[in-house]
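Chemist: let me see the structure of the following:
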Amino acid sequence: MKTTSAQPQTNASIFLRLNRTDTALRELAWQEFHQRYAPVIASFARQMGAQRADVDDIVQDVMVGFYAKAPTFIYDPARGRFRGYLKICALHALQRRVGREVKFRGLALEQVDPEALEVEEVWNDLWEQEQLRRAIEELRSEIGATKTFRAFEMYVILDLPPQEVSQRLGLHIDNVYRSKESVTRSLRERLNAMRAIEE
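Modeler: Numbers count the residues shown, from 1 in each chain. Have a look, this model is predicted:
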């Protein structure tokens, strides 16, 4: 199965676009940045113990902080992964907002080390879940109406028995299995592309 998605933009590219002089293009870049990273920041805040009422404020703190820093921010992969930088920004926002009230693994959040293995595990799990969610949504927007994608969705995501998927869609059961393989392969390719540019 071939998809028609455009080549993802590199981190360096999105950072350059965030500072364009053209207001409309700059706003589009900020929308993309927000759509890409706000969900993982919000999930991280919840996992670390923030209440729902605080989550939006924490996301906004990170975004506003990065917006202020963007004109002088230079993405340099040699200095570390962007995901690690964003994790530290998210944890610092959490610590400022709820650091004394919230505990994580027995420690007040304000005392938690951003480099702690437990924090890294939470962040990385959420980061990868969000990439998978985005990859699925991108494929759904491109091929969601096809029986191939619908079979994958029913069999893999909704966990319906392959025989039921076959009957509902009028597909031979072998095609249900092939749909799973085909869409899984496309997802893997898309995830590899995302990881190459968002690490």
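
Chemist: nearest the geometric middle of this structure, what residue?
Modeler: residue 130 (3.2 Å; C-alpha atoms, centre = their mean).

Chemist: what about that one, helix or strand, and which?
Modeler: Using DSSP states H and E, residue 130 maps to helix 117-143.

Chemist: buried residues in that helix?
Modeler: 119, 122-123, 126-127, 130-131, 134-136, 138-140, 142-143 (16 or more other C-beta atoms under 10 Å). C-beta coordinates here come from the backbone N, C-alpha and C atoms, glycine included.

Chemist: over to stretch 22-37?
Modeler: 29, 30, 33, 36, 37.

Chemist: let me know the secondary structure of the closest residue to residue 93 other than its chain neighbours.
Modeler: Spatial nearest neighbour of residue 93, excluding adjacent residues (C-beta to C-beta, 6 or more residues apart in numbering): residue 61 at 4.1 Å. Assigned with DSSP: H, G, I helix; E, B strand; the rest coil, residue 61 falls in the helix class.

Chemist: list the contacts for the closest residue to residue 57 other than its chain neighbours?
Modeler: Spatial nearest neighbour of residue 57, chain neighbours left out: residue 97 (6.1 Å); criterion: C-beta to C-beta, 6+ apart. Residue 97 makes contact with 50, 54, 57, 58, 61 under the criterion C-beta atoms under 8 Å, 6 or more residues apart in numbering.

Chemist: next, the angle from the helix or strand encompassing residue 97 to helix 117-143.
Modeler: For residue 97, the host element (DSSP H and E) is helix 82-98. Angle, helix 82-98 to helix 117-143, by axes from the mean of the first three to the mean of the last three C-alpha atoms, to 10 degrees: 110 degrees.

Chemist: pLDDT weak spots in the protein?
Modeler: 1-21, 71-78, 197-199 (pLDDT under 70).

Chemist: now do 80
Modeler: 1-26, 29, 68-81, 196-199 (pLDDT under 80).

Chemist: now do the phi/psi pair for residue 104.
Modeler: Backbone torsions for residue 104, taken as degrees, to the nearest 10, come to phi -130, psi 120.

Chemist: my guess is it contacts residue 46, does it?
Modeler: No. The pair residue 104 / residue 46 is not scored as a contact, 12.0 Å apart, by C-beta atoms under 8 Å.

Chemist: in what helix or strand does residue 58 lie?
Modeler: Judged by DSSP H and E, residue 58 forms part of helix 52-69.

Chemist: buried ones in that helix, by neighbour count?
Modeler: Buried-residue list, helix 52-69, by 16+ other C-beta under 10 Å: 54, 55, 58, 59, 61, 62, 63, 66.
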